[in-house]
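**Student:** predicted structure and sequence below. I'll ask about it afterward.
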Amino acid sequence: MQSLEHQFTQAMFDIYRRAKTEAGYNATIFLQMISDRGGVDTAKRLINASKPSDGYTHLYERAI
């Protein structure tokens, strides 16, 4: 059985793939963060950042 942290990291990779497939957005920095730091640390850094990431902003703009 995979740990919850591993499952979360895999879900973060799925988010990357969905952004690329569904929105045509290649989130290379997000992918690198997940690869280097894992999903949990990446999520914490993005959530606690002083401003939204450029990638989040790009995806938001594509949604409206």
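**Tutor:** Nice, thanks for sending it over.
**Student:** checking residue 51 next. Helix, strand or coil?
**Tutor:** The three-state assignment at residue 51 reads coil, by DSSP: H, G, I helix; E, B strand; the rest coil.
**Student:** what's the distance between it and residue 43?
**Tutor:** The span separating residue 51 from residue 43 equals 16 Å under the rule Cβ to Cβ, to the nearest Å. C-beta here means a position set from N, CA and C on the backbone, and glycine is covered the same way.
**Student:** same deal with residue 4?
**Tutor:** As defined by Cβ to Cβ, residue 4 lies at a distance of 13 Å from residue 43.
**Student:** next one: residue 20
**Tutor:** Look at residue 20 and residue 43: by Cβ to Cβ, they are 18 Å apart.
**Student:** quick one, which of the two is more surrounded?
**Tutor:** residue 43 (18 against 14; other Cβ atoms under 10 Å).
**Student:** I'd say the more buried one and residue 9 touch.
**Tutor:** No - counting by Cβ atoms under 8 Å, residue 43 sits too far from residue 9 to count as a contact (9.5 Å).
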